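Engineer: what's the 3D shape of this:
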Amino acid sequence: MTQFKLGAVLWSQATDWDGFLTSAQRADQLGYDSIWTWDHVYAIFGDPDQPVVEGYTALAGLAMGTERADIGLLVGANTFRNPGIVAKSVVTVDHMSGGRAILGLGGAWFGIEHEAFGIDFGSGFGQRLDWLDEATAAIRALLDGEMVTSDGGGRYDFHNLKLNPRPVQTHLPIMIGGSGEKKTLRTVAAYADQWNAFGSPEVLAHKNTVLKTHCEAVGRDHTGIERTVGGKIVIRDNEAEARRVLEDLMEHNRTPMANIEDDDTFWVGTAAEMTERFLAYREVGFDTVLVEMPAPYDRETMEKLIEVVRPGVDSAS
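Structural biologist: Okay, the predicted model is just below:
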């Protein structure tokens, strides 16, 4: 069976750099397989006007401040940067980290930060996903050592673009986030090494079937794509205590509990309950859980996931 993996996704809002880095180093030392952060320049939970750590700058710091875990953005906003610069940036992070970089990419969705920074948000989500597909194709070619020239008529206009140096990794992985069945999953099938999605096991089982269909259409073996599911997790000895901790975390992030009551990506409960939840996702093909952790980063949950939940999942599998 495919190895079960855990990734730590540190929210980039409502934190200072020292707290962010210390928690990333703790995750690295505990044995998380990967460490991620968002790519947002305004807070996306609660009050938008909160301190936010910028994505690629943070990855550079993590490259130097951690030793073993893979690192990436979950996921990079394609609208923020020229794809050639994105490829160049992640190759630099790959060298800084000794070959641990993952290039995360998504279509982007948070309009407030685009408006504030004057970033082109396009005519709608469909257009942004077209941009994502074009960008990902170019980035994959660049990472693989090819020279890229645009064919005209698209979003980008590359002329004999190539990367020097090449990545440390022979094949630097691309992570695509999102589950749109017509466009995003087609891009995943064509270019991604990892796919991140949210939803119940039943919903993701359906999305997985759609992805397989796209893989067949482009002539790709779907088993080469790592399926990852995301969740915001708090673990305690009982659900009431876990709920109290979540309330404290949301207060720190200036987020009323009413804002997240209908958000089924928040999972609170015991270690045993999380083990059963993870096993349900494994049954539908998702062998990696990326655990979102709001600042100031819950150490007990971080430790129990590694020390209790992961061994439980491994033994049950």
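Engineer: could you pull out the strands for the stretch 51-200 of the chain?
Structural biologist: Assigned by DSSP state E, counting those that start in this stretch, the stretch 51-200 of the chain shows strands spanning 70-73, 76-77, 101-106, 174-177, 194-197.
Engineer: Output the contacting helices and strands for the first one.
Structural biologist: Secondary-structure packing of strand 70-73 (3 or more Cβ pairs under 8 Å, 6 or more residues apart in numbering; DSSP states H and E): strand 34-37, helix 55-65, strand 101-106. For every residue, glycine as well, the C-beta is placed using N, CA and C.
Engineer: and of these, who's closest to L161?
Structural biologist: In terms of Cβ to Cβ, the element of these nearest to L161 is strand 101-106, at 15.8 Å.
Engineer: Given that closest one, what are its sheet partners and their directions?
Structural biologist: Strand pairing for strand 101-106, using DSSP bridges, gives strand 70-73 (parallel), strand 76-77 (parallel), strand 174-177 (parallel).
Engineer: Check which element follows the helix or strand where E276 lies along the chain.
Structural biologist: Using DSSP states H and E, E276 falls within helix 271-283. Later in the chain than helix 271-283, the nearest helix or strand by DSSP H and E is strand 288-293.
Engineer: wait, A77 sits on H40?
Structural biologist: Yes. Using Cβ atoms under 8 Å, A77 is in contact with H40, at 7.5 Å.
Engineer: Report the separation between G312 and E202.
Structural biologist: Per Cβ to Cβ, to the nearest Å, G312 is found 22 Å from E202.
Engineer: Counting neighbours, go ahead and name the busier of the two.
Structural biologist: Neighbour comparison, G312 and E202: the larger count goes to G312, with 17 against 9 (by other Cβ atoms under 10 Å).
Engineer: State the helix or strand in which the more buried one lies.
Structural biologist: For G312, the host element (DSSP H and E) is helix 310-316.
Engineer: Which strands and helices lie in contact with that helix?
Structural biologist: helix 271-283.
Engineer: what about the helix it packs on, average pLDDT?
Structural biologist: For helix 271-283, mean pLDDT rounds to 97.
Engineer: what's the answer for stretch 139-157, then?
Structural biologist: Averaging pLDDT along stretch 139-157 yields 96.
Engineer: Flag every buried residue along that stretch.
Structural biologist: The neighbour-count check on stretch 139-157 (16 or more other Cβ atoms under 10 Å) flags 139-143, 148, 155 as buried.
Engineer: ok, so of these, who is nearest H171?
Structural biologist: For the buried residues of stretch 139-157, the residue nearest H171 by Cβ to Cβ is L143; the value is 7.8 Å.
Engineer: Let me see the contact set for the closest residue to the closest one other than its chain neighbours.
Structural biologist: Closest residue to L143 apart from its sequence neighbours, by Cβ to Cβ, 6 or more residues apart in numbering: L172 at 4.9 Å. L172 makes contacts with 90-91, 94, 101-103, 143, as judged by Cβ atoms under 8 Å, 6 or more residues apart in numbering.
Engineer: Tell me the one among those residues nearest to G7.
Structural biologist: The nearest member of the contacts of L172 to G7, counting by Cβ to Cβ, is I102 at 9.6 Å.
Engineer: who does that closest one bridge with?
Structural biologist: Following DSSP bridges, I102 is listed with bridge partners G72.
Engineer: So it is in contact with Q194, correct?
Structural biologist: Yes. Under the criterion of Cβ under 8 Å, I102 makes contact with Q194 at 6.9 Å.
Engineer: ok, the residue nearest to L143 to R68 distance?
Structural biologist: Noted for L172: a distance of 17 Å to R68, by Cβ to Cβ.
Engineer: just W17 next, same as before
Structural biologist: Per Cβ to Cβ, W17 is found 21 Å from R68.
Engineer: Verify the contact between V53 and W11 for me.
Structural biologist: No. Assessed by Cβ under 8 Å, V53 is found out of contact with W11, at 9.1 Å.
Engineer: tilt between the helix holding E276 and strand 288-293?
Structural biologist: 140 degrees (axes from the mean of the first three to the mean of the last three Cα atoms, to 10 degrees).
Engineer: Could you give me the buried positions within helix 271-283?
Structural biologist: Applying a neighbour-count criterion of 16+ other Cβ under 10 Å, one finds 271, 274-275, 277-278, 281-282 buried in helix 271-283.
Engineer: Can you tell me which of those lies closest to V289?
Structural biologist: Distance to V289 across the buried residues of helix 271-283 (Cβ to Cβ) is lowest for F278, with 5.7 Å.
Engineer: Which residue would you name as the spatial centre of this structure?
Structural biologist: In the chain, the centroid-proximal residue (Cα atoms, centre = their mean) is L74; its distance is 2.3 Å.
Engineer: which one is that one nearest to, not counting chain neighbours?
Structural biologist: W36 is the one closest to L74 (Cβ to Cβ, 6+ apart), at 4.1 Å.
Engineer: count of neighbours near the one you found?
Structural biologist: W36: 34 neighbours (other Cβ under 10 Å).
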